[in-house]
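Student: only geometry, no sequence info:
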Ligand code: ZN
């Protein structure tokens with residue numbers, strides 16, 4: 001990745017950290033989970049309202065964390081809000097494969113997900129970036145807490 005792109009991506013992360021989307025609490029929710037990344041101190045709560053036909057009608061996050069974890073939660077919630085659960089899981093796999101795989105990506109990535117491709121160079125931050133996505137899957141599956149260290 002050239003440095004011009006890198007700066008652009010960093011700017012997106014900083015903007016989302018400063019003005020996170022979907023930050024706060026839902027008045028009613030039927031799925032929730034708390035995700036923790038003890039290595040960094042990131043602590044994230046997700047609240048979801050999933051409809052009877054498996055659409056994520058609403059989603060919000062709260063908690064404390066570093067810029068990358070907050071930006072990731074902001075972008076993740078923006079991506080999956082209004083989407084079927086099945087599609088949200090596909091986005092999770094896309095994100096997970098991107099940050100975990102050494103090889104260059106061949107498939108077309110959603111550009112909001114590609115913003116995080118730079119974290120691969122910082123293994124300690126990969127967990128910050130994936131925390132919100134793991135917490136999303138935990139909430140969908142009915143697991144009330146997850147930790148990156150278990
Ligand atoms: Zn972090």
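Tutor: Received, thanks. Note that the coordinates shown come from a computational prediction; the quantities given were computed from them, not determined experimentally.

Student: what does the chain have sitting close to the ion?
Tutor: 40, 42, 66, 69, 128 (CB under 5 Å from the ion). For the C-beta atoms, the positions are set from N, CA and C on the backbone; glycine is no exception.

Student: ok, 6 Å please
Tutor: Residues of the chain lying close to the ion (CB under 6 Å from the ion) are 37, 40, 42, 65, 66, 68, 69, 128.

Student: so what's the nearest residue to the fourth one once chain neighbours are set aside up against?
Tutor: Just to be clear, that refers to residue 65. Nearest residue to residue 65, sequence neighbours excluded (CB to CB, 6 or more residues apart in numbering): residue 42, at 3.5 Å. With contacts defined as CB atoms under 8 Å, 6 or more residues apart in numbering, the neighbours of residue 42 are 35, 36, 63, 64, 65, 66, 69, 127, 128, 131.

Student: Emit the ChimeraX select command for whichever of the residues you listed are buried.
Tutor: Those of those that count as buried under 16 or more other CB atoms under 10 Å are selected in ChimeraX with:
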select :35,36,63,65,66,69,127,128,131
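
Student: Specify the next element, helix or strand, located C-terminal of the top helix by length along the chain.
Tutor: Secondary structure of the chain read by DSSP state H shows that its longest helix is helix 123-141. The element immediately downstream of helix 123-141 (helix or strand, assigned by DSSP states H and E) is strand 145-147.

Student: shaky segments in this structure?
Tutor: Scanning the chain for pLDDT under 70 picks out the ranges 1-2, 5, 102-107.
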